[in-house]
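Chemist: please work out how this folds:
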Amino acid sequence: GTFSLLQSSHMSEEAAAATPPTETKEAAPAPAAAPAFSFGDPSAAPAAFKFEAAPVFGAAAPKAEEEDDTAAEANLSAEPNVHFEPLVQLPEVEVKTNEEDEDVEYKQKAKLFRFDKDANMWKERGSGEVKILKHKETGRYRLLMRREKTLKICANHHITFQLELTPNAGSDRSWVWSVNDFAEGELKSEVLAIRFANSEIAGQFKADFDKAREAMKSCETKADEAPAGDAPKTE
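Modeler: Okay, here's the model as predicted:
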C-alpha cells in the first residue's frame, strides 16, 4: 500500500511537471474616442469627413478660360472694318414750299368745304391747318390751307379788301366766302366754307382775316383778285 501511494504521488508530480503553465494575457488598450463631428468648425471634423468646398460666387475664372477670352477679344479686334459704297449717289434735294418768304400771321386746324353748283350741295375739301401768310417784301396777304398727312393744297388765294366772311347758316363757328382760288393750279371761282372747333377759334380767325383785309387798302391793286400771272404759287 505504501508503494501505491508513492507511485501515485510520483505520477502526480510528473503530470504537474508536464502540464504547461497557464498564460495570463494583458487586456488590449481601449481605442481612444473619436472627436464629435462639428458643422461650425470644419477643422474639428474627423479625418474621414473633412472636405474643401469650392467658392460658388465671386470665384476667380480658371486661367485657361481667361486665356480663351483674351484670344476671342483679339480675334474680334482683328476683324476688318468693311465699308460698302452705294452704287448710285443721290444728291440732297432742297424742297421749297414757296412759304420761305412769308411770315405766318395766323394758323389753326379747321375743316374746309366747297359748294358744288352742279350737285347743289356742300362737299368736304379737306381737313388740316389753315394759315394767313404775309409776304416779307410785298406785304401782301394770302390764305393757304393744306390737307393733313398728305399736305396737299385745298385752299390758296390772296386776301383782298373786297373779300368778306359771312356766317354759314347762322353758325358761330363757320364762315363762308366767294373767291378765285388757286388750289388746283389755276384760278377758279369757288364758294368756300370753313368750320372750326368752337366759336372762340372762329372769332379769332375772322379778326385776323379782317386785319389782313384792312392792310390791303394801301395796296396799289384794288382788283377783286390778282390776275392769273400774279396768282399765289405754292408747291
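Chemist: okay, helices next: where are they in the protein?
Modeler: Assigned helices in the chain, in chain order: 2-18, 63-77, 199-215 (criterion: DSSP state H).
Chemist: from what I see, residue 105 and residue 208 are in contact.
Modeler: Yes: using Cβ atoms under 8 Å, residue 105 is in contact with residue 208, at 6.1 Å. The C-beta positions use only the backbone N, C-alpha and C, and glycine is treated the same way.
Chemist: joint contacts of these two?
Modeler: Common contacts of residue 105 and residue 208 (Cβ atoms under 8 Å, 6 or more residues apart in numbering): residue 132.
Chemist: run a quick neighbour tally on residue 180.
Modeler: 18 (other Cβ atoms under 10 Å).
Chemist: actually, residue 105.
Modeler: When neighbours are defined as other Cβ under 10 Å, residue 105 has 16 of them.
Chemist: now it: closest residue in space, sequence neighbours ignored.
Modeler: Closest residue in space to residue 105, ignoring its immediate chain neighbours: residue 132 at 4.6 Å, by Cβ to Cβ, 6 or more residues apart in numbering.
Chemist: quick one: contacts for that neighbour?
Modeler: 104-107, 141-143, 159, 208-209, 212.
Chemist: mind redoing it with 6 Å?
Modeler: 105-106, 143, 208, 212 (Cβ atoms under 6 Å, 6 or more residues apart in numbering).
Chemist: repeat for residue 217
Modeler: residue 161.
Chemist: hmm, 10 Å instead?
Modeler: 160-161 (Cβ atoms under 10 Å, 6 or more residues apart in numbering).
Chemist: repeat for residue 170
Modeler: Residue 170 makes contact with no residue, according to Cβ under 10 Å, 6+ apart.
Chemist: so how far is residue 138 from it?
Modeler: 37 Å (Cβ to Cβ, to the nearest Å).
Chemist: and residue 111, by the same measure?
Modeler: 30 Å.
Chemist: compare these two and say which is more crowded by neighbours.
Modeler: Higher neighbour count among residue 111 and residue 138: residue 111, with 18 against 10, using other Cβ under 10 Å.
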